[in-house]
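Chemist: sharing a model prediction with you, sequence too.
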Amino acid sequence: MKKLFISFIFLISTVFLQAQSLAEITAQKDFALRTPQYQQQEEPIEEENEISPSKQETLLEVNKLPDIKLNEDVLRKSVLFYENNPALKEAFDLYRQGKTEQTLSLLEENATDEALANMALIYLQQGSYQQALKYIDKAIEIKNEEEEPVYQLIKIWIYAAQNNYTQAEKEYQKLLFLTADFEYIYSAKLALATSAFFAKKYKEIPSLLENIYSSDPYAISHAAYLIGRVLFDKKSYKSAQTLLSQALIHDNNNYPALIYYGLTQEKLKEFIPAWQSFANILILDSQDKFALDKTKKLSKYLKNRPSAYLFYTKLDDLYSKEPSSIESSIVRLGLFSNKEGDPENIKEFMFTAGQDFVVEDEKLGTILSGKALNPKTITFNPETTSVDINNKWGHKEFSTKRPFAIKMQNNGATFLIKEPITDNIFATNLGDKELKGTLLVVPNQNGMQLINFTTIEDILPSALTHLSKGQKNSEVLEALAIVLRTQIINALIQSQNAIFDLADNTKEFYYGGINMQTGKNLEAVNKTKDQILVEKETASPAEVQVYQSCSYLTANGVKNTEEKIDYTFSPLNLFKYMISNPPKDLISAPQDPTQWARVKWIYMLPLKDMQTRLNFAFKEFLPTKMDDYGRIEEILFKTAKKEVNLPFTQANQILSLGTLRSDFFFYIPVNKGKEYLFLGTDTGSGKGLCVDGLVNFVKQGKTYKETLKYYYPDFEVSNIWQSEKSPS
């Protein structure tokens, strides 16, 4: 019987949130462990500005999620334009290279309203609020009677970022005379709500946040999080929990909401669920001191070993009863890998085979034979640094320091790995796995690494389950099968001199065992057997990427809409793009208008936590390398005396524990620079196949081959590249 332990509110697919890779950052294991600002006193301090009973009642009414039926003509109609003065191109090219001072100098020389507005945004991102205000006022003065709503909106944000709610609200009233467009008004309301939140203007907060929560699908998660924060501060923990759960339902990358969700569980004495919430933070960053302290404190309430409370697959029996296999190239799969893609050192695991098997030592040959369904425990002995194979009664049958292979006597038979144990339970998904092929056990000084020799076609159906996220349409699954197979072939090519080809638990690829496959996925894999994408001229496998959702500009130049978006980069255009409505014909638009977080997202993150993770009290950060659209490739963290420049994947870990959904965003330092608000769009790097776009293409009647041609116009479907590897 198969059992699945799953979080009821915050399901993290496999081991961690969909986010940028954490692979590079954990090389810096010595980053600081100072306590984040989330650390609360046992009881929150009461504010002098209490919420009146009537206002508190208004806040509580929003606990009921409204049936949001928003006007799609309003929500999906872009009214912003992205003209750029050609004379400013040199300045913006310098800005994309991180040369901010030269950029500001050139813009000031130009002195047009457009140049000055760009200067205001650059100063705003630096936290130089007075300079920002100075230049936006100049831009507004130049425009005079040709009033530009976006300039007024920028002015609102400048005041809001300083917690000057009164002045921000006055500027908002002026904006209402300039425009009624949704994107301007709701960005301004978000600015006011942010300002009111940090200024503790409790009289204004309910109406502002309720309005955003019930009317703006792009900001539902963020608004629910802020309401939950207010309720938490006022000790309305049950109501806070409701709103924080809504924040996570609408955007499961909103990790600050998870922090406070765990805190409300703790306050409500839901100790085991609270432990699980903080454990999810450790899955994102196993060195997070706040989460470590919380899980340690709450562990006394656990009645079993901690790993039993993580949301991993538990198997009592084998999924596959009859041996079967699809002939194809061998893949060496590193099992129980961490986020860097390296297999973790396993201390112990249980092994059960569906058919008879043999154990072969690399020097001695066959050393043991085993019967079907006769379990064995394989244990690392730290005293001798050897691996012991024990029978079901605990008697040692063999001990070795050399690698050994466990081989099924019948091709296609499966075996089960249960209850693997590691030193760090948060480093990898420790769920049970049913596998096909051969298991290679490699002892070392710290444990044993496990490598599964299997075939491409045998692992594809399960890997497709994770990638397809519940999709059942055959055209969708067949397209994804081809792309996924192409990814695996590229991994084989690139790993010729490595001990394994592919890790089972990274952002790009996840394999939970054949127990995770479905009949629909198996059918899609069989229908596309041996098919991959190859370059038309060279016939070499395409370097493909897959990401969940597109915006209307993608990094590889494929536009996700037929509407013409005349976008060229500038800080001003980037800001406008991030507040703009998606166009009506956005192919990857979600079917549910309350689920826009994959297309447009908002997160608010504390500067102090960023400094903690980098072990460096930087005062500001700025992009030092951007692509033509403004997607961020590198970020510089700096003070007057020290600078640290990081690739975006590493910088994302510093900024957000890796939870910023993509590298395409605009950020604003709010709360007088103590927090950063991120306004972003799409997921991943914007390159390759967009799953949401694929799904909607198929709904329009396109075949999987037509869709692949759209996303990969320079490639075609062809036969598989062949390679054979053996564990012997």
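Modeler: Looks like it arrived, so ask away.

Chemist: need the contact list for residue 430.
Modeler: Listed by CB atoms under 8 Å, 6 or more residues apart in numbering, the contact set of residue 430 reads 307, 310, 312, 336, 420, 421, 422. For glycine as for every other residue, the C-beta is placed from the backbone atoms N, C-alpha and C.

Chemist: hmm, 7 Å instead?
Modeler: Neighbouring residues of residue 430 by CB atoms under 7 Å, 6 or more residues apart in numbering: 307, 310, 312, 336, 420, 422.

Chemist: pick out the lowest-pLDDT one from those residues.
Modeler: Ranked by pLDDT, the contacts of residue 430 bottom out at residue 312, which has 85.

Chemist: that residue contacts residue 428, doesn't it?
Modeler: No - contact between residue 312 and residue 428 fails when scored by CB atoms under 7 Å: they sit 9.9 Å apart.

Chemist: returning to what we had before: which of the contacts of residue 430 fall in helices?
Modeler: Members of these lying in helices (criterion: DSSP state H): none.

Chemist: closest one of these to residue 151?
Modeler: Of all the contacts of residue 430, residue 310 has the smallest distance to residue 151: 50.1 Å, by CB to CB.

Chemist: okay if I get the contacts of residue 430 as TSV plus neighbour count?
Modeler: As requested, those are exported to TSV (neighbours: other CB atoms under 10 Å):
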residue	neighbour count
307	16
310	21
312	20
336	24
420	24
422	19
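
Chemist: can I get those residues in a markdown table with distance to residue 220?
Modeler: A markdown table is the format used below for the contacts of residue 430 (distance: CB to CB, whole Å):
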| residue | distance to residue 220 |
| --- | --- |
| 307 | 34 |
| 310 | 28 |
| 312 | 30 |
| 336 | 36 |
| 420 | 38 |
| 422 | 37 |
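
Chemist: strands - which of these land there?
Modeler: Per DSSP state E, strands hold the following members of those: residue 420.

Chemist: so which of the contacts of residue 430 comes closest to residue 455?
Modeler: Distances from residue 455 to the contacts of residue 430, taken by CB to CB, are shortest for residue 336, at 19.9 Å.

Chemist: ok, for residue 363, nearest residue in space, not its chain neighbours?
Modeler: Nearest residue to residue 363 in three dimensions, chain neighbours excluded: residue 402, at 6.3 Å (CB to CB, 6 or more residues apart in numbering).

Chemist: I'd say that neighbour and residue 360 touch.
Modeler: No - Residue 402 lies out of contact with residue 360 (CB under 7 Å); the separation is 10.6 Å.

Chemist: neighbour count: those two, which is higher?
Modeler: residue 360 (19 against 13; other CB atoms under 10 Å).

Chemist: show the pLDDT at the more buried one.
Modeler: The model's pLDDT for residue 360 equals 95.

Chemist: bridging residues for the nearest residue to it once chain neighbours are set aside?
Modeler: Excluding the flanking residues, the one nearest residue 360 by CB to CB, 6+ apart is residue 405, at 4.9 Å. Counting by DSSP bridges, residue 405 forms beta bridges with residue 360, residue 440.

Chemist: just checking, residue 405 touches residue 440?
Modeler: Yes - the criterion here is CB under 7 Å, and residue 405 meets it with residue 440 at 5.1 Å.

Chemist: what about the two, which has more around it?
Modeler: Applying other CB under 10 Å to residue 405 and residue 440 shows that residue 440 carries more neighbours, namely 24 against 20.

Chemist: pull the contacting residues for the more buried one.
Modeler: Contacts of residue 440 by CB under 7 Å, 6+ apart are 403, 405, 451, 453, 727.

Chemist: between all of those, which two are separated the most?
Modeler: Farthest pair in these (CB to CB) is 403 and 453. Separation: 12.1 Å.

Chemist: any regions of the stretch 601-728 of the chain where pLDDT drops low?
Modeler: 721-728 (pLDDT under 70).

Chemist: give me the domain ranges for this protein.
Modeler: 313-535, 562-681 (automatic domain parsing).

Chemist: contact partners of the longest helix along the chain?
Modeler: When the chain is parsed with DSSP H, its longest helix is helix 474-494. For helix 474-494, contacts defined as CB under 7 Å, 6+ apart pick out 329, 331, 456, 460, 463-464, 467-468, 471, 501-502, 509, 520-521, 524-525, 527-528, 531-533, 541-544, 546, 689, 694-695, 698, 703-704, 707-708, 717, 720-721, 723.

Chemist: stretch 129-141 now?
Modeler: 113, 116-117, 119-120, 123-124, 151, 154-155, 158, 161-162.

Chemist: buried stuff in stretch 306-324?
Modeler: 307, 309, 310, 311, 312, 313, 315, 318, 319, 320 (16 or more other CB atoms under 10 Å).

Chemist: please disregard the earlier target; I meant stretch 369-387.
Modeler: 370, 372, 376, 377, 378, 379, 380, 386, 387.

Chemist: how about these in CSV, adding distance to residue 281?
Modeler: CSV is the format used below for the buried residues of stretch 369-387 (distance: CB to CB, whole Å):
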residue, distance to residue 281
370, 41
372, 42
376, 36
377, 32
378, 31
379, 31
380, 28
386, 36
387, 33
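
Chemist: out of these, which is nearest to residue 84?
Modeler: residue 380 (60.9 Å).

Chemist: is the closest one part of a helix or strand, or is it coil?
Modeler: Local secondary structure at residue 380 is given as strand here, using DSSP: H, G, I helix; E, B strand; the rest coil.

Chemist: can you tell me which residues contact it?
Modeler: Neighbour list for residue 380: 347, 348, 387, 447, 448 [criterion: CB under 7 Å, 6+ apart].

Chemist: still on that earlier bit, looking at the contacts of residue 440, which is nearest residue 272?
Modeler: residue 451 (34.6 Å).
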